[in-house]
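Asks: coords please:
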Amino acid sequence: MISAKVLRVLEAHGLVALEFEPGSTPTAELAARRIGVETARIAKSLLFKDKSGGFHMVVCPGDKRLSSSALKRVIGARVSMTDADETERVTGYRPGGVCPFALEGVEILLDRDLELYPTIYPAAGTDATGVPLTFSLLAEITGGRIVDLTAE
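Replies: Residues are numbered from 1 along each chain as shown. Alright, predicted model coming up:
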């Protein structure tokens, strides 16, 4: 079930999430297959923590790997990926359904490669959702900083 805070964001921007049976879209590959698009169009959201305790969410194409050196350069410090419990505590979303909407105290970093696609699909806070939207609308909704983070 999509949380009230995510529903408010979707409604405010005229968006409707695609919803499937629970557990059907927990990975970029499964989400792409379920939605019927290439994996690159799935906007996967990954949470990192820096040494000072700051949190940074990277949203990038589902078929890309992050460059750790680029991530360190952009953030200005080394970071580590959060575990499932910390991700849920900080974002309110479990891995497999983490979304970049309605977050507080988390810097959002949007990988520029997502701009290549007319429509992308971040999760809506569950492992059975996808939200069709444009990169520019994702940037507007999240206030995310547009950066280059994926490895070739």
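
Asks: What are the boundaries of the strands in this structure?
Replies: 18-19, 42-50, 55-61, 79-81, 106-111, 121-122, 129-130, 145-147 (DSSP state E).

Asks: any chance of these in TSV, plus distance to residue 29?
Replies: Placement of C-beta: from N, CA and C, glycine included. As requested, the strands of the chain are arranged in TSV below (distance: least, CB to CB, whole Å):
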stretch	distance to residue 29
strand 18-19	16
strand 42-50	8
strand 55-61	12
strand 79-81	19
strand 106-111	18
strand 121-122	13
strand 129-130	13
strand 145-147	24
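
Asks: Would you reformat the ones you listed as JSON lines and include mean neighbour count and mean pLDDT?
Replies: As requested, the strands of the chain are exported to JSON lines (neighbours: other CB atoms under 10 Å; pLDDT from 0 to 100):
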{"stretch": "strand 18-19", "mean neighbour count": "16", "mean pLDDT": "96"}
{"stretch": "strand 42-50", "mean neighbour count": "22", "mean pLDDT": "97"}
{"stretch": "strand 55-61", "mean neighbour count": "22", "mean pLDDT": "98"}
{"stretch": "strand 79-81", "mean neighbour count": "14", "mean pLDDT": "96"}
{"stretch": "strand 106-111", "mean neighbour count": "21", "mean pLDDT": "98"}
{"stretch": "strand 121-122", "mean neighbour count": "26", "mean pLDDT": "98"}
{"stretch": "strand 129-130", "mean neighbour count": "25", "mean pLDDT": "96"}
{"stretch": "strand 145-147", "mean neighbour count": "15", "mean pLDDT": "97"}
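
Asks: Of all those strands, which one is nearest residue 97?
Replies: Checking the strands of the chain against residue 97 by CB to CB gives strand 129-130 as the closest, at 6.8 Å.

Asks: quick one: strands adjacent to that closest one?
Replies: Each strand that strand 129-130 pairs with, and the sense of that pairing, follows from DSSP bridges: strand 18-19 (antiparallel).

Asks: Residue 3 - how many residues pack around it?
Replies: Counted with other CB atoms under 10 Å, the burial measure for residue 3 works out to 16 neighbours.

Asks: I meant residue 85, not that one.
Replies: 10.

Asks: what does residue 124 give?
Replies: Based on other CB under 10 Å, the number of other residues close to residue 124 is 25.
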